[in-house]
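Undergrad: Model the following, please.
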Amino acid sequence: MGENEWLNGYLEAILDLGAGRRAIESSNGSSKKKSNLRKRFDEKIQIHIEKEEKLFSPTKYFVEEVISSFDEADLHRTWIKVVATRNSRERNNRLENICWRIWHLARKKKQIAWDDAQKLVRRRLEREKAAEDLSELSEGEKEKSDSHFVTDISRINSDNQIWSDDKSRQLYIVLISLHGLVRGENMELGRDSDTGGQVKYVVELARALANTNGVHRVDLLTRQITSPEVDSSYGEPIEMLSCPSDGIGSCGAYIIRIPCGPCDKYIPKESLWPYVPEFIDGALGHIVNMARALGEQVNAGKPSWPYVIHGHYADAGEVAARLSGVLNVPMVLTGHSLGRNKLEQLLKQGRLSREDINTTYKILRRIEAEELGLDSAEMVVTSTRQEIEEQWGLYDGFDIQLERKLRIRRRRGVTCLGRFMPRMVVIPPGMDFSSVTTQDSSDGDGDLRSLIGTDRTQKRPIPSIWSEIMRFFTNPHKPMILALSRPDPKKNVTTLIKAFGECQPLRELANLTLILGNRGDIEEMSDSSSVVLMSVLKLIDKYDLYGQVAYPKHHKQPEVPEIYRLAAKTKGVFINPALVEPFGLTLIEAAAYGLPIVATKHGGPVDILKALNNGVLVDPYDQKATSDALLKLVADKNLWHECRKNGLKNIQHFSWPEHCRNYLSYVEQCKNYHPNNHLSVMPIPEEPLSESLRGVEDLSLKFSIDIDVKVGELDAPNKQELTDILIQKATSIGKSTNIYCPGRRQWLYVVSVDCYSRNGSTTKALPLVIKNLMQAAGTKSGQIGFVLLTGLSLIEIKEALKSCQVKLEDFDALVCKSGSEMYYPWRDLIVDEDYEAHIEYRWPGENIKSIVMRLAKIEDGAENDFMQLINQCSSRCYSYSIKLGAKARNIDDLRQRLRMRGLRCNLVYTHAASRLNVIPLFASRDQALRYLSVRWGIELSKIIVFVGERGDTDFESLLGGLHKTVILRGSVEYGSEMLVHSEDSYKKNDMASQDCTNIVRAKGFEAHEISKVLGSFRIM
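TA: Residues are numbered from 1 along each chain as shown. The predicted structure follows:
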């Protein structure tokens, strides 16, 4: 009953926390054990209270300990014992009840695990069905049909093309790293979980790219923070990372801080999601302004759009995806760490349910952002092949076999049938070798005797960290085996100590140095760290390793190079024995200082050793293999020198210049497949027009070719000039050679109210809202442009507006079919061909028609529940009707099934969930607004979007951003929001902040109510 004594102790602790501290009489001589248990419980409570910012619940803690640490059989035995010894005391009855309730919690935990396993099974089955659908994509298949889609794409060899250092290219590159504290100097790495290796990586990458020939400017976009909690430098809008260099024609690298959310607060990455749309809009404004400015400098006045937009982590990946869609610029994604992998690990631990994990980490919102990144990215940069196969392979949007097939088909000039998979490339992180001296790479024959005598007298001054380490050793001149990591169970340090302690020849030949972070009182550290450190101390004592193992308490980051140098001076070895190592940057650092390495065979070290050829891979679970590898390198000096030589020779593969060359070469390949047509923007006028001329300009820009001209009043030269202008205008309509704009508007009023009846027909509320809005605009209508943003088709819009006094010509733009079509009434309702071409990329076209029909149907649904609307389909939108009362798959479920098949598109339920619009990936109502903002030169903060309290399934995307949003109460009776998310998806609050000052609610949609809201924006 030893284990049950511990269980009883936990249960007793729960009772004590509920009833208060009081003395408990113990029986059978166990009072001393119970006292020790109580002491341990109190210590754990205190640790958690100190570490948790929010209120800590000891009861919840102990319940979790019971559920996680004990099997339900133990709980059942304890309950039997309590029942058998039942007496009239209240405490005993309560113990029985608690035991019974916790037993049910343990059973519930098993049920949650079972449900998660079932979800994985269903996902695997769906993946198998997707594979069957893709059987037609055999690698050797040649097709005659649709071959014109790929004839203009040049063949790319399998070997990576080398980047050419062409100084005349003048490239502009945008990097995005949204969260954490980002600055160029004195980085506060480790201050919190958001400010770590990613921050260091993106800053060094920006500097390295700016120093590459052909790159003119690099902008690293991050969040601006003016909180008193952090240094004021994080509130500076611009920070220079590298000075402009005339030698390579660069204007340098800069950190650009974009306001996003409440700037006076430091927000952790899990809470940043509602503010991502604001960051997108702010970043878009910066990039457009910078493209204009750079164009004036280096591109003959034409905007210099980014060569690539690179998002780092899930949040920045979503930002890059949206910007890529608006600007038609290639996107690159680096995950750094992945949500699905983290979710899988947390579920395996069993401490938290899926719901709790999502509440704490917003993990489902993060996963969807990563999936969106895969939809939009041309290329995904990884550090290792293991990351591709074992982490990205968990995502719906990536299948390694399908990606390989599609890449081969593109090279052979065979159509991919509308499928797309991003290219996964392995480009290891670069390293700054500025701290590595010539002596580190050449002074291989020197040893400690040149600095320290055998009697420990110093012949020359030595670094203080050397003295701190050598004080542990009886003989500091022996080769040093060095391990450097944080005290984490996954780093597997205990196996290393066991391997060292049980190998007598290794103990006689070498010393062991463990650099396990910085520590104060072990008992005050986190549970995982304290357990590892206590285990280390116990194993040192068990094997009597005193005088042979060093484990200093503290070291500074600048002292790490000196630690490597000390190990190299003793002709030592560096080891990384982690159970799994995603990359292994310390292996590269050690090799740079001339140390041979022993590393785990699981993860990134496989690729590193393949490149460096300077060590041995081992099974981290095999103690003997670990000790044999270490002994081999330490004992065989010829092998040691060979490994050292290889490492120093090959280390440049991991330098920043090499990283940048590989990176730009891969991007160059991807751009061969990406369309090169970019947005045309209105030139900024040198001086604003006077108020008296604005109306005249508006009239001239709305001038139509069928205008009634009184020819008799014109003389011959003027007649001919007017005729030429009209002919030129007539022949230019519909072409993309000119930029069309309805005038210089100060504001845009956007009507995006989805007014449908239960059966999906348009209600009278829509024309009424439009009429009232235009009435509220009043005399300022010349300064205000009107845009209709809807899921209706153009024919349906005309029909809906027949019953009111509103004319189509009153609108500057009509965005129809959920953002897939754009018309300008002042251009005779000709479709915007530029916009159609803009959103066409990755559109599967005809290849998706039948697949959507099959995937959208519920298994037990009727045949006519889901039908294609032939008369509503167009080249960029396929519409399907859903029978009233029929069940349909939600957006999340249907999108997942399409992603598994490599089909990238946007899905919108509209008309009160009675219609599904399938449109291109880069087409949407919110992206159409950004398109118009860039095209017409109108700031997004000058756009007001009017919506109802509910709407189509893209309703959530219209709420966030820099534009103002007015919610008109009572304008929409039926929406489609019930078909947006699945049960275990992220919440609405993760999309847009509900307390945002840009969102205002109107009490109704009458003209006076709208005027009142507009007054709050200081417009009326």
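
Undergrad: check contacts around residue 398.
TA: By CB atoms under 8 Å, 6 or more residues apart in numbering, the residues touching residue 398 are 374, 380, 392, 421, 422, 424. In short, each C-beta sits where N, CA and C put it, glycine included.

Undergrad: can you put those residues in CSV and add pLDDT, distance to residue 111 and neighbour count?
TA: CSV is the format used below for those (pLDDT from 0 to 100; distance: CB to CB, whole Å; neighbours: other CB atoms under 10 Å):
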residue, pLDDT, distance to residue 111, neighbour count
374, 97, 32, 23
380, 96, 36, 24
392, 94, 30, 24
421, 93, 36, 22
422, 94, 37, 22
424, 94, 37, 21
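
Undergrad: wait, which of those residues is closest to residue 357?
TA: Nearest to residue 357 among the contacts of residue 398 is residue 392, at 20.2 Å by CB to CB.

Undergrad: gap between that closest one and residue 659?
TA: 20 Å (CB to CB, to the nearest Å).

Undergrad: One more: residue 309?
TA: Taking CB to CB, one finds residue 309 at 18 Å from residue 659.

Undergrad: between the two, who's got more neighbours?
TA: Between residue 309 and residue 659, counting by other CB atoms under 10 Å, residue 309 is the more crowded of the two (29 against 22).

Undergrad: which residues does the more buried one bridge with?
TA: residue 174, residue 331 (DSSP bridges).

Undergrad: Could you report the neighbour count for residue 668?
TA: 18.

Undergrad: Could you name the specific helix or strand carrying it?
TA: helix 656-671 (DSSP states H and E).

Undergrad: distance between that helix and the chain's centre?
TA: Between the centre of helix 656-671 and the centre of its chain there are 21 Å (CA atoms, centre = their mean, to the nearest Å).

Undergrad: which helices and strands sit right next to that helix?
TA: Judged by 3 or more CB pairs under 8 Å, 6 or more residues apart in numbering; DSSP states H and E, helix 656-671 is in contact with helix 197-210, strand 379-382, strand 423-426.

Undergrad: Which strand residues bridge the spatially closest residue to residue 625 that is not a sequence neighbour?
TA: Excluding its sequence neighbours, the residue lying closest to residue 625 (CB to CB, 6 or more residues apart in numbering) is residue 618, at 4.7 Å. Note on residue 618: beta-bridge partners by DSSP bridges are residue 600.

Undergrad: Mind putting the contacts of residue 398 into CSV with distance to residue 751?
TA: Compiled in CSV, the contacts of residue 398 are given as follows (distance: CB to CB, whole Å):
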residue, distance to residue 751
374, 34
380, 39
392, 41
421, 38
422, 36
424, 43
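
Undergrad: which one of the residues you listed sits closest to residue 806?
TA: residue 374 (42.4 Å).

Undergrad: what kind of secondary structure is that closest one in?
TA: State at residue 374, reduced to three classes by DSSP: H, G, I helix; E, B strand; the rest coil: helix.

Undergrad: just to revisit the earlier point, looking at the helices and strands packed on helix 656-671, which is closest to residue 518?
TA: Using CB to CB, the nearest of those to residue 518 is helix 197-210, at 17.0 Å.

Undergrad: Can you name every helix or strand that whatever helix or strand residue 539 lives in contacts?
TA: Using DSSP H and E, residue 539 sits in helix 527-542. For helix 527-542, the packing partners by 3+ CB pairs under 8 Å, 6+ apart come out as helix 493-501.

Undergrad: Quick one: work out the angle between the helix it packs on and helix 527-542.
TA: If you take axes from the mean of the first three to the mean of the last three CA atoms, to 10 degrees, helix 493-501 sits at 10 degrees to helix 527-542.

Undergrad: Report the distance from helix 493-501 to the chain centre.
TA: Using CA atoms, centre = their mean, the offset of helix 493-501 from its chain centre is 37 Å.

Undergrad: Following the chain onward from it, which element is next?
TA: helix 504-509.

Undergrad: avg pLDDT for that following helix?
TA: The average of the pLDDT scores along helix 504-509 is 96.

Undergrad: Pull out the buried positions in it.
TA: Neighbour-count burial for helix 504-509 flags 506, 507 (criterion: 16 or more other CB atoms under 10 Å).

Undergrad: residue ranges of the strands in the stretch 101-250 of the chain, please?
TA: 171-176, 215-223, 238-242 (DSSP state E, counting those that start in this stretch).

Undergrad: so which of the contacts of residue 398 comes closest to residue 220?
TA: Checking the contacts of residue 398 against residue 220 with CB to CB, the nearest one is residue 380 at 19.3 Å.

Undergrad: Would you agree the closest one is in contact with residue 335?
TA: Yes. The criterion here is CB atoms under 8 Å, and residue 380 meets it with residue 335 at 7.2 Å.

Undergrad: Quickly list what's touching both of those two.
TA: Contacts common to residue 380 and residue 335, judged by CB under 8 Å, 6+ apart, are 373, 392.

Undergrad: Can you give me the pLDDT of residue 62?
TA: Reading off the model, residue 62 has pLDDT 49.

Undergrad: now residue 260
TA: 92.

Undergrad: First residue to last residue on stretch 930-946, what's the distance there?
TA: Length of stretch 930-946, first residue to last, CA to CA, to the nearest Å: 16 Å.

Undergrad: Would you mark the buried spots in the helix holding residue 668?
TA: 656, 658-671.

Undergrad: Return the item of those residues having minimum pLDDT.
TA: Among the buried residues of helix 656-671, residue 671 has the lowest pLDDT, at 80.

Undergrad: wait, doesn't it sit right on residue 330?
TA: Yes. Applying CB under 8 Å, one finds residue 671 in contact with residue 330, separated by 5.6 Å.

Undergrad: Would you mind listing the residues touching both of the two?
TA: With CB under 8 Å, 6+ apart as the test, residue 671 and residue 330 both reach 307, 308, 378.

Undergrad: I'd like to know which of the buried residues of helix 656-671 is nearest to residue 956.
TA: Distance to residue 956 across these (CB to CB) is lowest for residue 670, with 30.8 Å.

Undergrad: residues contacting the closest one?
TA: Counting by CB under 8 Å, 6+ apart, residue 670 makes contact with 330, 332, 378, 379, 423.

Undergrad: swap the cut-off to 6 Å and go again
TA: Residues near residue 670 by CB atoms under 6 Å, 6 or more residues apart in numbering: 330, 378, 379.

Undergrad: Kindly reformat the residues you listed as TSV containing neighbour count.
TA: What follows is these, written out as TSV (neighbours: other CB atoms under 10 Å):
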residue	neighbour count
330	24
378	22
379	22
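
Undergrad: Tell me the one among these nearest to residue 195.
TA: Nearest member of the contacts of residue 670 to residue 195, counting by CB to CB, is residue 379, at 26.5 Å.

Undergrad: where exactly do the helices run in the stretch 501-650 of the chain?
TA: 504-509, 527-542, 560-569, 585-592, 605-612, 623-635, 637-650 (DSSP state H, counting those that start in this stretch).
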